[in-house]
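Engineer: Turn this into a structure:
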Amino acid sequence: MPYGQASGQGYNDPVNTRVIIIAPGQGDGVFLYNPTPGLNNLIASLVSTATQDPYGNPVRSNGLEIQPIGDTGQKVFVGLASGGQGFLAYFSGDAIENDAGFIEGFEGGVGAGRFLALNIDSPQLNVAGHTDRVIQEMNSPNAGGTSSANGEFIYQDTVVAGHQTAYWDSSGFNIRSGTVNGVVPGTGTVAIPGVAESWHGMSLLNGWSNLGTPGGPDAKYRMLSTNEVQVIGAITNGATSGTSQIATLPAGYSPPNTQRRGVTVTATNAYAATAITPLLRLNSAGALTLVNLPAGTTSIEFECKFPMDA
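Structural biologist: Next up, the predicted model:
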């Protein structure tokens, strides 16, 4: 019907008028006004190519746009881009806004590499030096079944270059850059750099026992926030030499390869300066073993760290 004509019943209410208009020619589309058709009374539009309605209200093409009365600039737009992307955008109407924040769905890749994606883009400002934004990408597995569902966190800088800061898939959550903050135990709110876990006492083997106070700390271990296992202790075994396992650390506290660290030895016999250095060895099975002990060793003191990725 030509624009300016009300459709249906109840639209002639002078207090609460709603009018739907289909306009031929300039401003083709479906428009909803309140209280009557006119400038600044447009509250919704659905158009394909028009950039304004018959009364000069600006509209966005290829979608549905909803706005409050008075054209405050605040608008929600649901549309379909020429490339086939569907999106939902919010325009704030603020002068500092360069681009709206939006949710976008699309299909990417070709052939067996095809996948479906849903992105969330933050608003972008026009403030000099601060036109950066952040993006969250969520992707389906590909058509060929060679990838799992996955997601990414992207930082887009002021020259529109994207930088992946983290991603997640079937392998877990992976941080590419940045820092990890923990929460101070007992507060639940205060964030600080990640902290080490509490100490765990070692179950000593082969006759080894803690020296006790004032000899030094009991033998114990813990995982650090740096992905290292720290061990410490002062232990005794009467008199021994050579190689002796002192404990077995549980799963998750052993490196993929054997690592060795120096220790302090107390022995009843003189120890030649050219002798092999006594060491504390941790292997992939979690066996914590003293090696190269001189004859007559009576006690050992150690404090060292073993990275879990070496």
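Engineer: Any regions of this structure where pLDDT drops low?
Structural biologist: 1-27, 177-195, 239, 268-275 (pLDDT under 70).
Engineer: So which residue is smack in the middle of it?
Structural biologist: residue 166 (5.1 Å; C-alpha atoms, centre = their mean).
Engineer: That one reaches residue 174, doesn't it?
Structural biologist: Yes. The pair residue 166 / residue 174 is scored as a contact, 6.4 Å apart, by C-beta atoms under 8 Å. Bear in mind the C-beta positions are built from the backbone N, C-alpha and C, glycine included.
Engineer: How much space separates residue 218 from residue 203?
Structural biologist: Distance check for residue 218 against residue 203: by C-beta to C-beta, to the nearest Å, it reads 11 Å.
Engineer: ditto for residue 307
Structural biologist: 23 Å.
Engineer: for the stretch 151-300 of the chain, what spans make up the strands?
Structural biologist: Secondary structure of the stretch 151-300 of the chain (DSSP state E, counting those that start in this stretch): strands at 162-169, 172-175, 181-183, 191-193, 200-201, 209-210, 220-223, 228-248, 259-262, 264-267, 279-282, 287-307.
Engineer: quick one: which of those is nearest residue 34?
Structural biologist: Relative to residue 34, the nearest member of those by C-beta to C-beta is strand 162-169, separated by 41.5 Å.
Engineer: Against which helices or strands is the closest one packed?
Structural biologist: Identification of packing neighbours for strand 162-169 by 3 or more C-beta pairs under 8 Å, 6 or more residues apart in numbering; DSSP states H and E yields strand 150-156, strand 172-175.
Engineer: would CSV of those with distance to residue 248 be doable?
Structural biologist: Output for the helices and strands packed on strand 162-169, formatted as CSV (distance: least, C-beta to C-beta, whole Å):
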stretch, distance to residue 248
strand 150-156, 37
strand 172-175, 27
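Engineer: so of those strands, which one's packed in deepest?
Structural biologist: strand 150-156 (a mean of 17; mean count of other C-beta atoms under 10 Å).
Engineer: how many degrees apart are it and strand 162-169 in direction?
Structural biologist: Angle of strand 150-156 versus strand 162-169, following axes from the mean of the first three to the mean of the last three C-alpha atoms, to 10 degrees, is 160 degrees.
Engineer: Pull the residues that contact strand 150-156.
Structural biologist: For strand 150-156, the surrounding residues in contact (C-beta atoms under 8 Å, 6 or more residues apart in numbering) are 132-139, 162-169.
Engineer: and of those residues, the nearest to residue 54?
Structural biologist: Residue 54 has its nearest neighbour among these in residue 133, at 35.6 Å by C-beta to C-beta.
Engineer: how much space between the closest one and residue 126?
Structural biologist: 12 Å.
Engineer: now do residue 276
Structural biologist: As for residue 276, its distance to residue 126 is 69 Å (criterion: C-beta to C-beta).
Engineer: How is the protein partitioned into domains?
Structural biologist: 1-80, 81-178, 200-307 (automatic domain parsing).
Engineer: rewinding a little: buried ones among the contacts of strand 150-156?
Structural biologist: Among the contacts of strand 150-156, those scoring as buried are 132, 133, 135, 137, 139, 166, 167, 168 (criterion: 16 or more other C-beta atoms under 10 Å).
Engineer: Report the contact partners of the second one.
Structural biologist: Same thing as residue 133. Each residue near residue 133 by C-beta under 8 Å, 6+ apart is listed here: 99, 121, 122, 123, 124, 156.
Engineer: want to throw the residues you listed into JSON lines with distance to residue 61?
Structural biologist: Below are those laid out as JSON lines (distance: C-beta to C-beta, whole Å):
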{"residue": "99", "distance to residue 61": "17"}
{"residue": "121", "distance to residue 61": "20"}
{"residue": "122", "distance to residue 61": "24"}
{"residue": "123", "distance to residue 61": "21"}
{"residue": "124", "distance to residue 61": "21"}
{"residue": "156", "distance to residue 61": "26"}
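Engineer: All good on my end, thank you.
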